[in-house]
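return atomic coordinates for the entry below.
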Amino acid sequence: MSLRKINTVLAAAFILFILWFGTEFIVSPETTAPGFGLPSWPSGDGDGFLIIKGIRDVVLALVLGVLLVTGHRRALGLVLLVEALAAYGDMATVLAHHGSVATALGVHCLTATLMVVNGLLILRETRKVAAAPATPAAQPSQRARAQ
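Got it, this is the predicted structure:
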């Protein structure tokens, strides 16, 4: 299997995972939220904040999806690197608020790190190697230079 196919499968898996997770936060935030890793949840009408997190994830997935479908692979690699910051931010939030270390590292950090690896592999796949010309450039003749 080629590097391009592996990268495509990984990117598609991230897109589907992020889209699914974000949609779950929008549809049923109260049942999805405990899996995020924080020790406590907003009281009262705090579901709105959880829905915001879901909307963020859906938008992140859609941006990646558009880049994948339209074939903008180099941009896809760069955006994967940038969007990994959201998952690292989620990890830092869980840790800073004394949440589950296992979830912070096993879900958020692992996801972010795999996104970085996928982004770097896509950038490697798409880098342009400057190739030397196969034949030397023709030199102007002595007569042509004199004119």
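
ok, the residue nearest to Gly65 when sequence neighbours are not counted to Ala61 distance?
If the residues on either side of it in the chain are set aside, Gly65 comes closest to Ile15, at 4.9 Å by C-beta to C-beta, 6 or more residues apart in numbering. Where C-beta positions appear, they are placed from N, C-alpha and C, glycine not excepted. Ile15 sits 5 Å away from Ala61, taking C-beta to C-beta, to the nearest Å as the criterion.

where does the residue sitting nearest the centre point of the chain land on pLDDT?
By C-alpha atoms, centre = their mean, the chain has its centre lying nearest to Leu80, at 2.6 Å. We have a pLDDT of 97 for Leu80.

from memory it sits against Leu64, does it?
Yes - taking C-beta atoms under 8 Å as the definition, Leu80 is a contact partner of Leu64 at 6.9 Å.

shared neighbours, the two?
The contact sets of Leu80 and Leu64 overlap at Ala11, Phe14 (C-beta atoms under 8 Å, 6 or more residues apart in numbering).

now the helices for this protein?
In the chain, helices defined by DSSP state H lie at 3-27, 29-32, 47-69, 73-96, 101-103, 110-126, 142-146, listed in chain order.

minimum distance to Pro39: which of these has it?
Evaluated with C-beta to C-beta, the helices of the chain place helix 73-96 nearest to Pro39, the distance being 8.9 Å.

off-centre distance for the closest one?
From the chain centre to the centre of helix 73-96 is a distance of 6 Å (C-alpha atoms, centre = their mean, to the nearest Å).

swap in stretch 17-29?
The answer for stretch 17-29 is 17 Å, by C-alpha atoms, centre = their mean.

quick one: contacts of that stretch?
Stretch 17-29 is contacted from outside by 32-33, 47, 50-51, 53-62, 64-65, 111, using C-beta under 8 Å, 6+ apart.

just the buried residues of these.
Among those, the ones that count as buried by 16 or more other C-beta atoms under 10 Å are 32-33, 47, 50, 53-54, 57-58, 60-61, 64-65, 111.

that'll do, ta.
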